[in-house]
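Colleague: coordinates for the following, if possible.
(chains A, B, C and D, ligands or ions: 2)
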Amino acid sequence: MITKVTTHISPNEQLIFERSQPGRAGFSLPPLDVDETPLEEIIPREFQRDDALAGMPEVSEVDVIRHFTRISTWNYSIDLGMYPLGSCTMKYNSRLNEKVARIAGFANLHPLAAEAEAQGALEVIYELQQHLAEITGLPGISLQPAAGAHGEMTGIMIIRAFIDARDGKEKSAQRRTMLIPDSAHGTNPASAHLSGFTVKTIKSTAEGLTDLDHLRELCAHGNVAGLMLTNPNTLGLFERNIREICDIVHDAGGLVYMDGANMNALVGVARPGDMGVDVIHLNLHKTFSTPHGGGGPGSGPCCCTKELEPFLPVPRVVTTGTYPIFKLDFNYPQSIGRVKAFYGNYGMMLRALAYILTHGRDGLREATEAAVLNARYIAHGLVSDYEKPFAGAPMHEVVFTDKRQARKGVHTLDIAKRLIDYGFHPMTIYFPLIVSGAMLIEPTESVGHQELDQFIEAMRAIAQEALEDPELVLNAPHSTRIGRLDEAAAARKPVLRWKPAPAESHATATQS
Amino acid sequence: MITKVTTHISPNEQLIFERSQPGRAGFSLPPLDVDETPLEEIIPREFQRDDALAGMPEVSEVDVIRHFTRISTWNYSIDLGMYPLGSCTMKYNSRLNEKVARIAGFANLHPLAAEAEAQGALEVIYELQQHLAEITGLPGISLQPAAGAHGEMTGIMIIRAFIDARDGKEKSAQRRTMLIPDSAHGTNPASAHLSGFTVKTIKSTAEGLTDLDHLRELCAHGNVAGLMLTNPNTLGLFERNIREICDIVHDAGGLVYMDGANMNALVGVARPGDMGVDVIHLNLHKTFSTPHGGGGPGSGPCCCTKELEPFLPVPRVVTTGTYPIFKLDFNYPQSIGRVKAFYGNYGMMLRALAYILTHGRDGLREATEAAVLNARYIAHGLVSDYEKPFAGAPMHEVVFTDKRQARKGVHTLDIAKRLIDYGFHPMTIYFPLIVSGAMLIEPTESVGHQELDQFIEAMRAIAQEALEDPELVLNAPHSTRIGRLDEAAAARKPVLRWKPAPAESHATATQS
Amino acid sequence: MRYIPNSPDERAEMLRQIGVDSIENLFDSIPEGLRLRGPLAVPAALSELELLKKFDAMAVHNEAARRISFLGGGAYSHYSPTIVDHLISRSEFFTAYTPYQPEISQGTLQAIFEFQTLVCQLTGMDIANASMYDGSTAMAEAVLMAERVTRRSKVIASSAIHPEYLQVAHTYVQHAGIELQHSAYSTETGATPADSFTGLDDKTAAVVVQSPNFLGCVEDVQALADKAHAVGALLIVVVTEAISFGLLKPPGACGADIVVAEGQSFGVPLSFGGPYVGLFATREKYARQIPGRLVGEAFDAKGRRGYVLTLATREQHIRREKATSNICTNEGLIALAATIYLETMGPRGIEEVAKQCAQKAHYAARRISEVEGFSLPFSAPFFNEFVVSGPGEAASVLARLASERGIDGGIALSRYDPRRPNDFLVCVTETNTREQIDQLVEGLNALTR
Amino acid sequence: MRYIPNSPDERAEMLRQIGVDSIENLFDSIPEGLRLRGPLAVPAALSELELLKKFDAMAVHNEAARRISFLGGGAYSHYSPTIVDHLISRSEFFTAYTPYQPEISQGTLQAIFEFQTLVCQLTGMDIANASMYDGSTAMAEAVLMAERVTRRSKVIASSAIHPEYLQVAHTYVQHAGIELQHSAYSTETGATPADSFTGLDDKTAAVVVQSPNFLGCVEDVQALADKAHAVGALLIVVVTEAISFGLLKPPGACGADIVVAEGQSFGVPLSFGGPYVGLFATREKYARQIPGRLVGEAFDAKGRRGYVLTLATREQHIRREKATSNICTNEGLIALAATIYLETMGPRGIEEVAKQCAQKAHYAARRISEVEGFSLPFSAPFFNEFVVSGPGEAASVLARLASERGIDGGIALSRYDPRRPNDFLVCVTETNTREQIDQLVEGLNALTR
Ligand SMILES: Cc1ncc(COP(=O)(O)O)c(C=O)c1O
Ligand SMILES: Cc1ncc(COP(=O)(O)O)c(C=O)c1O
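Modeller: Ligands and ions are numbered 1, 2, ... in the order given. Have a look, this model is predicted:
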């Protein structure tokens, strides 16, 4: 029985370009208050724009408000309920943090303002650095990376720079292999590649953990620069041999990079630095609840050991004993350099610091406990109806498969779409790639047991439907304003932008 | 064809009391920082609460966010589209005005702060008074009334106080009749009654205007204290004889009160003060766009002639030549007194002033023109399919009836409910009372012609349906999360509050 | 004008379609002579940038908004969780009208139903309405209701009720044939003794008392209820500091027949006095005499639960002059804010706020009374407001405290009662830190040395 | 913890149901020795009230946020209409994830499709992606893309590109086998002459130029395009002040092959450098080489139009190490803000802002150049930023201007180029009033007398 949702009227809305009417205007500006110079004297005619920005929409403020209010109602969001995307950690985005990020003293601060006049902003960075170093157990830190993948690139480049410095250019040129488990997120190999490494894939065991023998074997080749490991891994399992894994890699002269996307299982409970990890990235937009915003912004701080600290990006925020207390330090000759203009996604740092201070030491651990408990509760609730490929007790997320349902021709995608009819955002599907028909479920701590029960009931009901009425599931969703879209056709002849109907096409002559 | 909406999943949500779980908490407070005194020493036990506030919900912040976000999606709102409630003037609520009302210097200001330390707040009141006096052509003004009905009471009491002063108590005791057209809003007679007047009703002519002969006849009795007139009246028609009407009443020794709820048809075009009106109330939450908020807050300033000024509520905000420039003046011995604690709904005054300054003199008139044009456009578009009871050209709103559809058993209520399926909020129905099956439509200036056309098409389609498939209309709405509710049953045995299931009722022993 | 969708060209086209020659012709039904010739004498339009600068500049002149404040007297600075303003800012709530069409207004209706329930729980009453303008008008409406219910015309109100509330009541009843008498509070205790209601007789419709009263003192509501009921009169209890419900026995449990309160304390900004929200609760049997809107439970043909405006036959749009009140638009959005506040704080939160207010106020009272020349004139128990008697003119001490120390130390009672030149009313809430209180004490000490 | 719905009791009950003895046992799979013994060395929890006080206190120490400012150099203070922040604050937008499930993500998807279209319209290009981290990383990704497209390994970048952008590019390409060369800008004009691209040859993948460049000067993009195309290299154009699109010929109309820009100017707060949004546009034929996400039009079985993430085969989650980029999360919400800004301003609004920026900047330049000892070293046309040469050390003049007059007068070029000790970069936008400009001029005058 569907308990979480029903259907109701939902507003239609065209593209803004279709709403546009010549002569409408939504802007207001003060009149120009300086004596005007003829435009030609400012910018030579040939450098001037001559298409009058044709094609851009002309609408009133009311049009804009109704346009975006209407289309916003087509979205699912955390505020509407549980968002069990495995690996994405969709937790509650505190309003308090949004308010903090909008304090004028921060929001109106220019990044190139004099350090002495931006001490508050630098203090926020410094304090956040301290807390994240403590949480990861890794003292070196840079908040410059703009997202997880960016942090990965940064961390891998740090490993490379360290090895270059340690072994010298030629010897280190032999170390160009980065080991990555087959269960890893796609950004891992992509980031390794961007840093000039060739990727070798490590098998996972039947248990869903890193295959130590295979790891040893690969390390034996001697050209290993490092290992990129996610822990808990993307199957939601803690790599219990993490210490041994780190030893093997270290003994082989490599370093260990940890993908910290799953830190929501560890904060306050265990620290990567204590496990032998050399460098890690965090996703502030996951573990530390900065909003995903429909696809960013993120923030991917990179934390590392004292040994690797000299190689972090510049500038770094440090304390000077004297006034001004905080300063930007550019003087790190071994630094890999800058990975972004200015200092990173500052607005996300404000929110993450507010998250940490609001939770406090006990709240941080409590959140981890509640997140893991919720995942275990779901694992327990679904195991009777869905195939659980790995026996191990999951941490903050759990993976199931469509194996049983597939016999009836019902696959993971169908189950996901049917969940929409039940009012839930689907879990992460077909990831990790090594599990066929994977359904990766991460409830986070931000959901109460009633909604967890609703979710479990929905999943069970779908399992029943798969047996009794597969068609119902195969054709889902049935209750949404649009059905499944033909993505294949969309990719074959991609339409990536609006264009005016031929009639008015003169208006956009310069555009195509 | 229904173009404005389709159906989509819509979240269910219980009452917060049903979501409540013992031990959940959504609040956070700093620890008490003073040494604690035993409670008994502060408040004797017998004065202390002993029910532990049983029954109040215990929920987390996340529960609150999801609860209200979900239920909010069940509402129609201006931001979703046209809201054609006749007489309610549902126009765009500017975000800029919301921001202004939240400026800390105003939002955190205590009403009893020293005048010298609240000059900015008093300046806002003073400036708004000036502009509203100019717009109405009536120089005396008080912003104290909290809504239209409150302004009516204030204005009528002013009339009474004036007559008492003019004629002396005994003579004025003979003048206790307030004339009110049969088309008036219910608050008019209610407010007159509250001020101790007996109401006599004036007939409207077949044209939909005040019946002058009947007015003369009633005035002839000599006990008339005044007339309450809405202009344009609630049929959307301008009382073209307004001058003569005022003369008749004045000649009879009465005063003319104008209900200003329909000022959106006049701002910048004509001024009640120039028509002979003595006192008027404005609805800042209509004409001046302060948000209706699902039923308030409102603000109902009262404007009057110089003659009536001494009778306005106290305190009044005035300028003193010297510093501090603005002050509260309590010294009006003839004042009717206070109608509200402090100075009125100040937050609405900020918004209304922002509205006036954003429009400017030209924008105010432009809004009026656009509002009247939109109404005329609808009148023109519907006259072929719906009965238009009055031939006159409507101003900002137009009334139609269900006369033609009634032949098929389809009535105004059914047409309104069917409009919901078409994605529109219905118009005002069964008001004014003198028009049977009235449908009073007020588009305001805040809607573009495309949506006006959609509305006209929807109304025409419904007219068609009424002919061809009355059942479809009679059972509407079909696309909402709930159907028509049984209001009769609800009124017979009213359930006006949640109560715990008997099981837990001990918890709320003290409550019933 | 950026708020008007239709462009001038579109408007011209629409005119053409409806066959009207010019915009001016739209106003033909207004006699020529009544139309404005020139433009209004209102300034030209301001852009967003200019407008915000103008208001920011005016806001700067509200020094009081930036002061350490101990002002109460009917408006209180309590902490409002961030989510309150965020949620009421959802346009589905703040740009909706009164819920006349339940099928597309359930969000507002369910919220009001929860509001009515919360008001009942706090006051200990059976039913509550969807809100009144504010506490002062709610009290006036309660007096009018008492007259309707009892058909008696005398009402006796404690003189320790907020002076502005009494003024409003006077305005409301002056033409309703109600005689409003006052009973004096005790200058020793600061409370209103039951025997002060001389004139209480079988013509008395109601006794009106505020608790905690304007002087901060807690009244013995039960005793007053018994006194009133003895002659068949109703007891109306007024509360201006609604946070006190977290600590004090609910009036409903002390015999009150009508309870009205100012709801501003529940997360609503001070905003120079409004908009606030009036709470109005009474006994089940008076349901059909209550003023204002009521939301009730209802079901559709399929048995689905929903909420509707109900008992409308009491209201002006149906009963016209015979309505229980003329109120129409009330304080919907503020009631929503209060609802969100109460549900976020929960029973434990409300208790904790109340406890902190009381504790801090008593700490402050103790400290101030230790300052030479300052004393507490009243002996009755108080919640978070108390009167202080100073060595000199309160108004001038407070003015210096503000200008020299940036502290708004309280309200000089002389504002309302010239017979108390040296007294001022101090209010302490959970937002006042111990440090602020100590600064106040030190300031009073220094300024009167 | 108020963000966690399940109470301790509920959690205990859940543990019982799943048969786990204690919370600690949930972590059994973590070896004992790796678990933290004590609590983290992080402060205890702060309440909302305390937290806001703490951040407000820190914000006070950002004096620069309250100054009259003429700072630019890659971050610009433009006016953002109030509705921008209000709309992105709708939780349906900011609490949603990347739109992987189109049936319940059409709001985000349609907004991105509009964003992609607007970027194409502004830049004059065929296609644009759903955003990059910022302008600097977008430029680096453009360089990498040029290498993929041309299979050539040399890239020549103008030395008048924002220094931090060049540093980021260097970091990105250092291990990609790309040689990054620089071409000197003209110290007379401040622009980059086509003939400065010595080393341009058939191994060159791309020429990279910023216009208006870091010195504010407008480059002759067409000439540079011709030069690059002559040897089969691509032209990459970088824009840091996106408002210039309102006045300057779009790079797409001047032969650019890839256009990247910083979108912060489109209604995004300065926020000490981020989050901003990188715009990335190119020609249709390179669609399958573009980095990042793309949204395309699609239809369901009933023919209803919708939008989906498309051409995913370019991306890391499918192509892994062979992906066109490692980017995953991008700047969705900031792209939404820019979209709302652009749609609110419209073509006329963007033109007007651009015009006012240019006019005010030229007024300022004229006035400053009249001050004795100050001159404009470069002759090329500029938009709203320009370099000023002063009589003494720019850094110290600017420091005094700030501390003594409360004006942030510009960016001392010495921050990036020690060879220009007396030069500083001044930026003027529509938010700078004539009065502020005159104060700046007066300040420079007074401080150098
Ligand atoms: C395991 C893992 N690693 C890395 C990433 C990449 O992080 P981002 O999307 O912030 O670049 C993600 C997020 O999708 C992830 O789940
Ligand atoms: C014509 C008319 N008069 C008076 C009123 C009463 O105004 P309010 O609801 O603000 O009390 C209204 C509003 O409904 C109205 O439409």
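Colleague: residues contacting the nearest residue to A:Ser183 once chain neighbours are set aside?
Modeller: Nearest residue to A:Ser183, sequence neighbours excluded (Cβ to Cβ, 6 or more residues apart in numbering or on different chains): A:Pro432, at 4.2 Å. Any C-beta I mention is one placed from the backbone N, CA and C, and that applies to glycine too. A:Pro432 is in contact with A:Asp182, A:Ser183, A:Ala184, A:His185, A:Thr234, A:Leu235, A:Val399, A:Ala438, A:Leu440, counting by Cβ atoms under 8 Å, 6 or more residues apart in numbering or on different chains.
Colleague: what about the fourth one, neighbour count?
Modeller: To tie it back to what came earlier, the one meant is A:His185. Number of residues near A:His185 (other Cβ atoms under 10 Å in any protein chain shown) recorded here: 26.
Colleague: so what's the backbone phi/psi at it?
Modeller: phi -70, psi 150 (degrees, to the nearest 10).
Colleague: where's it relative to B:Glu36, distance?
Modeller: 53 Å (Cβ to Cβ, to the nearest Å).
Colleague: returning to what we had before: what's the helix or strand for the residue nearest to A:Ser183?
Modeller: Using DSSP states H and E, A:Pro432 sits within no helix or strand.
Colleague: could you measure from it over to ligand 2?
Modeller: Distance, A:Pro432 to ligand 2, by Cβ to the nearest ligand atom, to the nearest Å: 60 Å.
Colleague: ok, now C:Thr108?
Modeller: For C:Thr108 relative to ligand 2 (Cβ to the nearest ligand atom), the value is 15 Å.
Colleague: give me the spatial nearest neighbour of that residue, chain neighbours excluded.
Modeller: C:Thr108 sits nearest to B:Gly294 (Cβ to Cβ, 6+ apart), 3.9 Å away.
Colleague: what about the one you found, neighbour count?
Modeller: Neighbour number of B:Gly294 under other Cβ under 10 Å is 28.
Colleague: wait, it sits on C:Phe94?
Modeller: Yes. Counting by Cβ atoms under 8 Å, B:Gly294 touches C:Phe94, with 7.4 Å between them.
Colleague: which residues do these two both contact?
Modeller: By Cβ under 8 Å, 6+ apart, the residues touching both B:Gly294 and C:Phe94 are C:Leu333.
Colleague: hang on, the earlier thing: list the contacts for the residue nearest to C:Thr108?
Modeller: B:75, C:93-94, C:96-99, C:105, C:107-108, C:111-112, C:332-333, C:336.
Colleague: I'd like to know how far it sits from C:Glu103.
Modeller: For B:Gly294, the distance to C:Glu103 - Cβ to Cβ - is 15 Å.
Colleague: please apply the same query to C:Ser375.
Modeller: For C:Ser375, the distance to C:Glu103 - Cβ to Cβ - is 62 Å.
Colleague: now swap in C:Val208 and tell me
Modeller: C:Val208 is 41 Å from C:Glu103, by Cβ to Cβ.
Colleague: could you check which of these two has the larger neighbour count?
Modeller: C:Val208 (30 against 26).
Colleague: tell me how far the closest residue to that one other than its chain neighbours lies from chain A.
Modeller: Distances taken as Cβ to Cβ, 6+ apart put C:Ala157 closest to C:Val208, at 4.0 Å, once the chain neighbours are dropped. Distance from C:Ala157 to chain A, counting by Cβ to the nearest Cβ, to the nearest Å: 42 Å.
Colleague: do I have it right that C:Ala157 meets C:Ala184?
Modeller: No. Applying Cβ under 8 Å, one finds C:Ala157 not in contact with C:Ala184, separated by 11.1 Å.
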